[in-house]
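Engineer: fold the following and give me the result.
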Amino acid sequence: MEEVVIIGVAGGSASGKTTVANRLKEEFAESVALLNHDCYYKAHDEMPFEERCKLNYDHPTAFDTERLIQDILQLKNGNSIERPVYDYAIHNRAKETVKVEPARVIIVEGFLIYENIELRDLMDIKIFVDTDADERIIRRILRDVKERGRSLDSVINQYTETVKPMHEQFVEPTKKYADVIIPRGGMNEVAVKMLIERIKAFL
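Structural biologist: Presented below is the predicted three-dimensional model:
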């Protein structure tokens with residue numbers, strides 16, 4: 001069986017990690033399988049919408065990380081998976097899934113992917129996208145208001161109450177596990193091109 005390389009792309013909320021992961025996916029198309037940790041938020045069908053709104057989505061327990069680990073192992077073994085879909089508008093997992101085919105390169109993207117030791121140990125290359133906190137909050141406001149239908153007040157409240165303290169507690173300390181730290185996120189063309197060349201060499 002062909003060797004498979006697993007690349008982690010972590011960083012704070014709105015740091016540009018998704019941009020970096022998507023750039024790599026676009027560059028290599030079918031050679032890359034991309035898994036976003038955000039898709040693995042736990043389902044809460046038992047809760048009304050008002051209760052789901054109050055959950056802390058920036059804590060490690062918000063994620064079904066065990067399923068992500070199992071899905072990565074399935075892909076690595078040459079099997080396709082059914083990846084969950086998360087709907088931000090309803091704060092819950094959607095009914096549909098997305099089929100992901102195995103690939104030579106598996107990119108795992110998310111802000112808490114290095115917090116879990118079992119997940120972290122699966123990574124062959126660990127990237128941390130490091131972006132200034134002021135820039136991240138501005139990006140998050142623009143993204144959540146425009147793309148996710150949130151109000152400005154709700155975005156700011158969530159940032160101050162959970163995003164910032166959880167970042168300081170769980171995300172920032174995992175930077176020490178990174179093999180590569182990319183400043184300025186997806187705008188860092190030099191770093192992105194170096195990553196692309198590294199993957200090309202593997203393929």
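Engineer: pick out the residue nearest the middle of the protein.
Structural biologist: G110 (2.0 Å; C-alpha atoms, centre = their mean).
Engineer: gap between that one and C39?
Structural biologist: Distance of G110 to C39, computed by C-beta to C-beta, to the nearest Å: 9 Å. Just so you know, the C-beta spots here come from the backbone N, C-alpha and C atoms, and that holds for glycine as well.
Engineer: who touches both of these two?
Structural biologist: Common contact partners of G110 and C39 (C-beta atoms under 8 Å, 6 or more residues apart in numbering): none.
Engineer: name the surrounding residues that touch the helix or strand where K126 lies.
Structural biologist: Using DSSP states H and E, K126 sits in strand 125-130. The contact list for strand 125-130, computed with C-beta under 8 Å, 6+ apart, reads 5-12, 15-17, 20, 114, 120, 174-175, 177-183, 185-186, 195, 198.
Engineer: paired strands for the top strand by length along the chain, with orientation please.
Structural biologist: Determined from DSSP state E, the single longest strand within the chain is strand 92-100. Strand pairing for strand 92-100, determined by DSSP bridges: strand 81-87 (antiparallel).
Engineer: quick one: buried residues of the strand it pairs with?
Structural biologist: I81, R83, P84, Y86 (16 or more other C-beta atoms under 10 Å).
Engineer: how about the first one: what's its closest non-neighbour residue?
Structural biologist: Here the nearest residue to I81 in space, its sequence neighbours aside, is D71; by C-beta to C-beta, 6 or more residues apart in numbering that works out to 4.5 Å.
Engineer: so which strand or helix has the one you found?
Structural biologist: helix 65-76.
Engineer: other SSEs contacting that helix?
Structural biologist: Packed against helix 65-76 by the contact rule (3 or more C-beta pairs under 8 Å, 6 or more residues apart in numbering; DSSP states H and E) you find strand 32-36, strand 81-87, strand 105-109, helix 117-120.
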